[in-house]
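1. I'd like to go over a predicted model; first the sequence, then the structure.
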Amino acid sequence: MTLATALFLLVLFVVTLTVAAYSTYAERKVAAFLQDRIGPDRAGPFGILQPLADGTKMFMKEDFIPAAANRRLFTLGPAIAMITALMTGVVIPWGGELTLFGETFRLQGTDPEIGILFVFAIVSIGVYGIMLGGWASNNKYALLGSVRAASQMVSYELGMGLSIVALVMLNGTLSLGGIVEHQAAHGWNIIYQPLGFIIFLVCAFAETNRSPFDMPECETELVGGYHTEFSSMKLGFFLFAEYTNMFISSAVISTLYFGGYHVPGLDRLGLDPNLTTLIGTAAMFAKTFFFIFFFMWVRWSTPRFRFDQLMNLGWKGLIPLGIANVLITGTVYHLAELWKG
Amino acid sequence: MSQLPATDPRSTDLVHGRDLSELTTLNLGPTHPATHGIFQNVLTMDGEIVLDAKQTIGYIHRAFEKIAERRPFYQITTLTDRMNYCSAPINNMGWHMTVEKLLGLELPKRVQYMRVIAMELSRITDHIICNTIIGQDVGATTPFLYVYQWREKIYEIYEEICGARLTTNMGRIGGWERNWSDTAWAKVKAVVKELPAALKEFDDLVLRNRIFMDRTIGCGPISAERALAYSFTGPNLRAAGVDYDVRVADPYSSYEEFDFQIPVGTQGDTYDRFCVRQEEMRQSISIIRQALEKMDKLGDRTTYRADAPEWVLPPKEGVYNNMEELIWHFKIVMGETEVPVGEVYHCVEGGNGELGFYLVSDGGRTPFRLHLRRPCFIYYQAFPEMIKGGMLSDAIITMSSMNVIAGELDA
């Protein structure tokens, strides 16, 4: 690993944490906006120091572990959730190539051939954090929450995977960088995969435990769900992981379906390559932020599913649709190849 | 996964014949974010399915009926505030009317219409709370905040009328403590004018929302027969399809002069309860509008109480300067005014159902016995039967939709 990569990863780490922290602030402001309220406005101008105040508060609280809890797993749970949430950002292409001091860097931590699979693998490990945390607290509400989380994740990963299969068939690569380049050459995937996009979006909501799929922490039924017994920064890690996941999911949606850092027509303007790259990165973040806003918009607009309805939607709705999408994509792709000769 | 045995889950003991080591006991409450008060339910669960439930009654029992035996009549009003605190004015009016029935007091029309307005306003606040909380419990937080500001506006009217908001102690035996201010009337008119649009918005957000319908239709149902067997009243009975409303069945305070409809449901489930309450709010607005028109026709702008000097505190200047008024003041405060011997039952259509007061007087300064018929006490008996066989989430919104208020349940 070169020094440049290390620096890039450090910057990525800081940016991810900052965006996650400010997502909590944005969430409260968006909720306030939708609900005709003011939202946090005490800490700093317009309350922009609120995340710092919240973080400080979290650290100052007593770190309480219930007597009957399994201490090791109880500590491991939030750690796994946080670590896995921060890991996926590495394979996402945040921008094109940047030439500085005669050297060319790519604004992507690493671009493995199996980028998408890596994201899936890490997200799947993430659920262990919730499961272990909920189970180790020795609380029935927490246990119910973590059981819900586990079954929800397993069910919706299938739908998500199927929507990706069709996308990979079209793009011919599993590498996230490759997918962006393919989109730059052939147009964004959303045009070819509208159904796949909808399936992926719904599953992304479920994977990040966001309303209307926030079963695991459904506060009106399960008190706090899997994090009922957690306090101090352990609770903070769970909440932080949720917002980090939302950020990463938004980035993945932008990358897979909305061209990532690609801005249509930008390369024809003949701008300086570095400037083009920076505009691309800005576009990537703009797309990501739009989806973060979309996550919040939905959360504050819709009621929540019941657990069995959620399962029905996953198994009887999204998975058959995903399979149909794969079949349709395959057929159309093959026919198009035949027609081209 | 929620497939249940073919037998009707609501008539079978689901736990019977099951391996108990496979089941969990879950304490839902006393302090749980969804119980909106202090309720304890001990649920026996198979995964997420509720097989059996046992409710605990009496967590905040304050012995109101016993306290009432040691209080002069006008001081009991403050006890009624603390029963269904979501619609305290109805409780206050109900108690005043009970005592007036015992005393044989006839109230002027204007006073009766003012009471109708106060009662219908508080019915609206009660239903706003119940329906928005159903929304809140299925996860729709935003509609809750949209409609809740109308409750705030109605509370401002209470403030204008009596100075208090939640525990109102509104009105007096024989009428009102003072005439309503112009501000109060202006605020009533504003609510009547603007609330329908807010209700429409609430309907648009929730009523035909696919998720909301899936969550509430068929959730926590009760048949008309079972509801009557439990002696349900109010919106919960009407949702099951029985058109019983005290305002029509046994009119009081001139309700017989008003033209309004009683909405009824068909299934007795959470969705029906929600719809019945929504429609009742509209009917309440219509009743208030009619009351305002009737008052305009009366032309009387000053009468605010019946001629019952033994229940009205004399003006302070009089008390300080005249012997006669000082004596009256003393007699009233000490509860030494004449009360006939007898027993009466009076009921009003409370926010939640038939709220009855059974009052026995032996001619003393306090009631000999006062029994309160609290609708929530009855609804909560049926709660286990209604949630058995459903999922945990259903139990929560069934509880919200029955609008069981801890203060009234435990009195």
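-> Received the coordinates, thanks. All values derive from a computational prediction rather than experimental measurement.
2. switch to C-alpha atoms for all contacts and neighbour counts from now on
-> Noted.
3. What count of nearby residues applies to the residue of the stretch 201-341 of chain A at minimum distance from chain B?
-> Nearest residue of the stretch 201-341 of chain A to chain B (CA to the nearest CA) works out as residue A:303 at 4.3 Å. Other residues lying near residue A:303 total 28 when counted by other CA atoms under 10 Å in any protein chain shown.
4. shouldn't it be in contact with residue B:210?
-> No. Residue A:303 lies out of contact with residue B:210 (CA atoms under 8 Å); the separation is 9.2 Å.
5. How about the closest residue to chain B within the stretch 1-150 of chain A, nearest residue that isn't a chain neighbour?
-> In the stretch 1-150 of chain A, no residue comes nearer to chain B than residue A:35, which is 5.5 Å away by CA to the nearest CA. Once flanking residues are discounted, residue A:35 sits nearest to residue B:142: 5.5 Å by CA to CA, 6 or more residues apart in numbering or on different chains.
6. give me every residue that touches that neighbour.
-> By CA atoms under 8 Å, 6 or more residues apart in numbering or on different chains, the contact list for residue B:142 reads A:34, A:35, A:300, A:301.
7. So it, which state does it fall into?
-> Secondary structure, DSSP: H, G, I helix; E, B strand; the rest coil: residue B:142 is helix.
8. Could you check how far it is from residue B:150?
-> To residue B:150, residue B:142 is 14 Å away according to CA to CA, to the nearest Å.
9. how close does the residue nearest to residue B:59 when sequence neighbours are not counted sit to residue B:409?
-> Closest residue to residue B:59 apart from its sequence neighbours, by CA to CA, 6+ apart: residue B:38 at 6.5 Å. Using CA to CA, we find residue B:38 at a distance of 10 Å from residue B:409.
10. can you check residue A:141 too?
-> Distance from residue A:141 to residue B:409, by CA to CA: 26 Å.
11. Then residue A:320?
-> Per CA to CA, residue A:320 is found 48 Å from residue B:409.
12. Tell me which of those two has more neighbours.
-> Between residue A:320 and residue B:409, residue B:409 has the larger neighbour count (other CA under 10 Å), namely 24 against 14.
13. buried set for the helix or strand that contains the more buried one?
-> If you go by DSSP states H and E, residue B:409 is part of helix B:406-410. For helix B:406-410, the neighbour count (16 or more other CA atoms under 10 Å in any protein chain shown) marks B:406, B:407, B:408, B:409, B:410 as buried.
14. Now do the same contact list for the nearest residue to the fourth one once chain neighbours are set aside.
-> In other words, residue B:409. Distances taken as CA to CA, 6+ apart place residue B:377 nearest to residue B:409, at 4.4 Å, with adjacent residues excluded. Listed by CA under 8 Å, 6+ apart, the contact partners of residue B:377 are B:404, B:408, B:409, B:410.
15. isn't the last one right up against residue B:58?
-> Yes. Here residue B:410 reaches residue B:58: they are 5.1 Å apart, a contact under CA under 8 Å.
16. Write out the residues of chain A neighbouring chain B.
-> Residues of chain A lying near chain B by CA under 8 Å from any CA of the partner chain: A:34-36, A:140, A:144, A:211-212, A:219-221, A:223, A:300-306, A:308.
17. what are the ranges of the helices in chain A?
-> Ranges of helices in chain A, per DSSP state H, are A:3-34, A:50-60, A:71-87, A:115-136, A:140-171, A:176-186, A:189-192, A:194-207, A:219-222, A:232-257, A:273-299, A:307-312, A:319-340.
18. re earlier: what about the residue of the stretch 201-341 of chain A closest to chain B? Give its phi and psi, please.
-> The phi and psi values for residue A:303, taken as degrees, to the nearest 10, are phi -70, psi 180.
19. What helix or strand is residue B:314 located in?
-> Short version: residue B:314 belongs to no helix or strand, going by DSSP H and E.
20. Burial check on it, number of neighbours?
-> With other CA under 10 Å as criterion, residue B:314 counts 17.
21. what sits against it?
-> Contacts of residue B:314 (CA under 8 Å, 6+ apart): B:325, B:328, B:329.
22. And it, how far from chain A?
-> Distance of residue B:314 to chain A, computed by CA to the nearest CA, to the nearest Å: 46 Å.
23. same question, residue B:53
-> In terms of CA to the nearest CA, residue B:53 sits 16 Å off from chain A.
24. Run through the residues that contact that residue.
-> With the criterion set at CA under 8 Å, 6+ apart, residue B:53 makes contact with B:41, B:42, B:43, B:44, B:384, B:387, B:388.
25. Could you tell me which residues of the stretch 251-400 of chain B lie near chain A?
-> Checking the stretch 251-400 of chain B against chain A by CA under 8 Å from any CA, the hits are B:392, B:393, B:396.
26. which element is the second one on?
-> Looking back up the chat, that one is residue B:393. helix B:392-402.
27. what does the average pLDDT come to for that helix?
-> Mean per-residue pLDDT for helix B:392-402: 87.
28. Residues contacting that helix, please?
-> Against helix B:392-402 from outside (CA under 8 Å, 6+ apart): A:220-221, A:306, B:34-35, B:48-50, B:130-131, B:133-134, B:137-138, B:215-216, B:219-220, B:236, B:270, B:273-274, B:379, B:383, B:386-387.
29. Can you flag which of those belong to strands?
-> B:49, B:50 (DSSP state E).
30. Spatially central residue in chain B, please.
-> residue B:351 (2.8 Å; CA atoms, centre = their mean).
31. Leaving out sequence neighbours, find the closest residue to that residue.
-> residue B:123 (4.9 Å).
32. Going by distance to chain A, which of the buried residues of helix B:406-410 wins?
-> Ranked by distance to chain A (CA to the nearest CA), the buried residues of helix B:406-410 are led by residue B:406 at 17.5 Å.
33. Give me the pLDDT for the closest one.
-> 85.
34. That one: what's it in contact with?
-> B:36, B:37, B:38, B:39, B:60, B:83, B:84.
35. mind running it again at 10 Å?
-> By CA atoms under 10 Å, 6 or more residues apart in numbering or on different chains, the contact set of residue B:406 is B:35-39, B:57-61, B:82-85, B:376-377, B:380.
36. Give me the below-cutoff pLDDT ranges for chain A.
-> A:1, A:216, A:218-220 (pLDDT under 70).
37. how about residue 185, what does it touch?
-> Picking chain A for this. A:179, A:259, A:262, A:264.
38. wrong one, chain B
-> Contacts of residue B:185 (CA under 10 Å, 6+ apart): B:157, B:160, B:161, B:191, B:292.
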